[in-house]
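Asker: here is a sequence with its predicted model. Questions after.
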Amino acid sequence: MLQVNDVSQGYGGKNLFENVTVSFSPGRRYGLTGPNGAGKSTFMKFLAGDEDPQKGTVSRPKKTSILRQDHYVYDEFSVLNTVLMGNKGLWDAIEKKEAILKHAEETGEFTEKMGVDLGDLEAVIAEEDGYAADAEAAKLLEGLGISNEFHHEQMENMSGGMKLRVLLAQALFGKPDCLLLDEPTNHLDLGSISWLENFLLSYEGILVCISHDRHFLNTVTTHIADIDYETIITYTGNYDDMVIQKSQVRSRIESENSEKSKKISQLNDFIQKFGAGSRASQVQSRKKELEKLQLNTLKKSNISRPYIKFDLGDNKSGKHIVEVSGLTKRFVEPGKEDVVICKDLDLHIMRGDRVAVIGPSGIGKTTLIRLLLEQLKGETGDVKWGHNTDIGYFAQDHREGIPEGKPLWEYLLSFKESSTRDEIRQLLGRMLFSGEEGEKLTHVLSGGETARLLFSKLMLLNHNVLIFDEPTNHLDLESISALRDAIRQYDGTVIFVTHDRDLVSDSATRILSMSHKGIDDFKGTYEEYLNHVGAVKFDR
């Protein structure tokens, strides 16, 4: 059992949690939800024992495994050994055994001089399935898209995204009793996310997981622990079930309070009208009834949803948006096989298309976008944009091109000086930068706030073509939902790279699927594409 008792925490005068008591049971998979800033990561640190709350206690199973996202801690170790270190007891036994054998080989002396019994270590290794550990670790790595050729590579030679996959494999390794995962789908492609879902569906311990991937939460979770109203309420079911239940609970309380308010008003009217008259006994009866009527406490929810709407105005493009002819791009590294992004690619995107670019991490999706934007040049081929195309671009590096030290309203006004300061303020308010929030400086924004600022810029400029590269990174579920609705309702043309399946499923009318075999241009929805390929097949 993972047990939280009477925990309270606040920062800067703001309460995150107040006297929270909640338990997490084996065999259940909990999604930990709440808007950005609600305290999800802080609460997860309490569960992991990385921080102590200002008040209260947390008790956890001894064999608790945590997804840690520090890129550099394991740089001196191999990929495979980094995964094995996820089972501390096993790893310690393996290290001590190897030290004993090395000492014996070098000196001829055995365990007596080392204070450790080799038989005890062998027993620990056997108990922890240590003789199958390499195979188990390799299976986890393969499932997460890291092929066998990298298993003995040093961690320092792996990219940041690949390191995070290794650290996820480390957290999953060793059959932990409790598994704590904060954003495990970050840097995973659709195929790896699907593998992770299947792995977690068969996991029998306690799972507590933070994710902004609604599809992932709906697939994996059996319960939702929702942070709101300065407490944590546990709901049975997945994320969508929680949203319905939460709305029903609040509606019921509001309805009950409304009925009680009417009754209180009626009783007060009676008491005031007859308090000094001859109906004293009835007045006293009404007073006693009034004392029993208490309104249910209904704290304000922390959840707020931005209003995202991309509008063309009068800025309409021609029918033909972009035509790509014979485009080839490859990267050549000495001593390594050429990395081919595209070869002789022909592509014709029409007005109104909503094109989702999907494929494994590292396959070149961002490079393809940069080729379309003509930020990169291919070895062969042409990219021709159509009549009156006006492109708005949301880069994967959200902070790209944003100057430091500017108030948000001033940054936006610089792109459209014909706007008034009040108009800019209203736009920022719709994007959850109300009042003094609009005076925030650009360099102090969180990742989610930076994304909302860039959406504000795109809304302001009325582009007729929008290109997004991983727009859902750093967004909470409410913001992702708002973005999904905005893309679906937009009358212009959209090209977007994402690993968010709901965004692809709900918005795309065309799929560009990139793999090592090439680029498959499928004209249809994501579900139709999956039927076309017969299953979720992604070549790694």
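Answerer: Yes, it's here. Just so it is clear, the model here is predicted, and its values are computed rather than measured.

Asker: where does residue 399 fall, secondary structure wise?
Answerer: Assigned by DSSP states H and E, residue 399 falls within no helix or strand.

Asker: typo on my end, it should be residue 502
Answerer: Using DSSP H and E, residue 502 falls within helix 501-507.

Asker: packing partners for that helix?
Answerer: Where contact means 3 or more C-beta pairs under 8 Å, 6 or more residues apart in numbering; DSSP states H and E, helix 501-507 is packed against helix 214-220, strand 354-358, helix 477-489, strand 493-497, helix 526-533. Every residue, glycine included, has its C-beta placed from N, CA and C.

Asker: switch to 6 Å and redo it
Answerer: Applying 3 or more C-beta pairs under 6 Å, 6 or more residues apart in numbering; DSSP states H and E, we find helix 501-507 packed against helix 214-220, helix 477-489.

Asker: which residues touch the residue nearest the centre of the chain?
Answerer: Nearest to the mean C-alpha position of the chain, counting by C-alpha atoms, centre = their mean, stands residue 212 at 3.3 Å. With contacts taken as C-beta atoms under 6 Å, 6 or more residues apart in numbering, residue 212 has the following neighbours: residue 477.

Asker: part of a strand, is it?
Answerer: No: checked against DSSP: H, G, I helix; E, B strand; the rest coil, residue 212 lies outside a strand; its state is coil.

Asker: for it, give its distance to residue 32.
Answerer: For residue 212, the distance to residue 32 under the criterion C-beta to C-beta, to the nearest Å works out to 11 Å.

Asker: mind showing which ranges of the protein have poor pLDDT?
Answerer: Low-confidence regions of the chain, defined by pLDDT under 70, span residues 108-116, 250-255, 257, 276-278, 295-303, 334-335, 535-540.

Asker: next SSE downstream of the longest helix anywhere in it?
Answerer: In the chain, assigned by DSSP state H, the helix with the most residues is helix 239-274. Past helix 239-274, further along toward the C-terminus, the next helix or strand under DSSP H and E is helix 280-292.

Asker: what is that next one packed up against?
Answerer: Partner elements for helix 280-292 (3+ C-beta pairs under 6 Å, 6+ apart): helix 239-274.

Asker: can you pull the phi/psi pair for residue 204?
Answerer: Taking degrees, to the nearest 10, you get phi -110, psi 0 for the backbone angles of residue 204.

Asker: excluding its backbone neighbours, what's nearest it?
Answerer: In space, residue 204 comes closest to residue 27 once its chain neighbours are excluded; the distance is 6.1 Å by C-beta to C-beta, 6 or more residues apart in numbering.

Asker: could you confirm that neighbour falls within a strand?
Answerer: No: counting by three-state DSSP, residue 27 is located in no strand; its state is coil.

Asker: what about it, how many neighbours?
Answerer: Residue 27 has 10 neighbours, counted by other C-beta atoms under 10 Å.

Asker: so who does residue 471 touch?
Answerer: The neighbours of residue 471, taking C-beta under 6 Å, 6+ apart as the test, are residue 394.

Asker: looking at this, it is in a strand?
Answerer: No: the assignment for residue 471, made by three-state DSSP, is coil rather than a strand.

Asker: got the CA positions of stretch 421-438 in PDB?
Answerer: Only the C-alpha atoms of stretch 421-438 are listed here, as PDB (Å, rounded to 0.1, in the frame of the first residue of the first chain):
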ATOM      1  CA  ARG A 421      -3.100  47.500 -26.100                       C
ATOM      2  CA  ASP A 422      -6.600  46.600 -24.900                       C
ATOM      3  CA  GLU A 423      -7.100  44.100 -27.800                       C
ATOM      4  CA  ILE A 424      -3.800  42.500 -26.900                       C
ATOM      5  CA  ARG A 425      -4.800  42.300 -23.300                       C
ATOM      6  CA  GLN A 426      -8.100  40.600 -24.200                       C
ATOM      7  CA  LEU A 427      -6.300  38.100 -26.300                       C
ATOM      8  CA  LEU A 428      -3.900  37.300 -23.500                       C
ATOM      9  CA  GLY A 429      -6.800  37.000 -21.100                       C
ATOM     10  CA  ARG A 430      -8.400  34.300 -23.300                       C
ATOM     11  CA  MET A 431      -5.100  32.500 -23.100                       C
ATOM     12  CA  LEU A 432      -5.000  32.600 -19.300                       C
ATOM     13  CA  PHE A 433      -2.700  35.600 -18.900                       C
ATOM     14  CA  SER A 434      -5.200  37.900 -17.200                       C
ATOM     15  CA  GLY A 435      -4.400  41.100 -15.400                       C
ATOM     16  CA  GLU A 436      -0.900  41.300 -14.100                       C
ATOM     17  CA  GLU A 437      -0.100  38.000 -15.900                       C
ATOM     18  CA  GLY A 438       0.100  40.100 -19.100                       C
END
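
Asker: so what's the gap between it and the chain middle?
Answerer: If you compare the mean C-alpha spot of stretch 421-438 with that of the full chain, they lie 26 Å apart, counting by C-alpha atoms, centre = their mean, to the nearest Å.

Asker: return the distance of residue 373 relative to residue 495.
Answerer: The span separating residue 373 from residue 495 equals 10 Å under the rule C-beta to C-beta.

Asker: more crowded one of these two?
Answerer: Residue environment comparison for residue 373 versus residue 495 gives the larger neighbour count to residue 495, 26 against 17, counting by other C-beta under 10 Å.

Asker: tell me if I'm right that the more buried one and residue 468 touch.
Answerer: No: in this structure, residue 495 is not within contact of residue 468 by C-beta atoms under 6 Å, at 7.5 Å.

Asker: just to revisit the earlier point, tabulate the helices and strands packed on helix 501-507 (CSV), appending distance to residue 208 and mean neighbour count.
Answerer: Formatted as CSV, the helices and strands packed on helix 501-507 follow (distance: least, C-beta to C-beta, whole Å; neighbours: other C-beta atoms under 10 Å):
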stretch, distance to residue 208, mean neighbour count
helix 214-220, 11, 22
helix 477-489, 17, 20
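
Asker: tell me which of those sits nearest to residue 525.
Answerer: Checking the helices and strands packed on helix 501-507 against residue 525 by C-beta to C-beta gives helix 477-489 as the closest, at 11.8 Å.

Asker: helices or strands next to that closest one in the packing?
Answerer: Under the contact criterion of 3+ C-beta pairs under 6 Å, 6+ apart, the helices and strands touching helix 477-489 comprise helix 501-507.

Asker: recalculate using a threshold of 8 Å.
Answerer: helix 214-220, helix 447-461, helix 501-507.

Asker: can you list the strands that the helix or strand just after the last one pairs with?
Answerer: Downstream of helix 501-507, the first helix or strand assigned by DSSP H and E is strand 510-515. The strands that strand 510-515 pairs with in its sheet are strand 354-358 (parallel), strand 518-522 (antiparallel) (by DSSP bridges).
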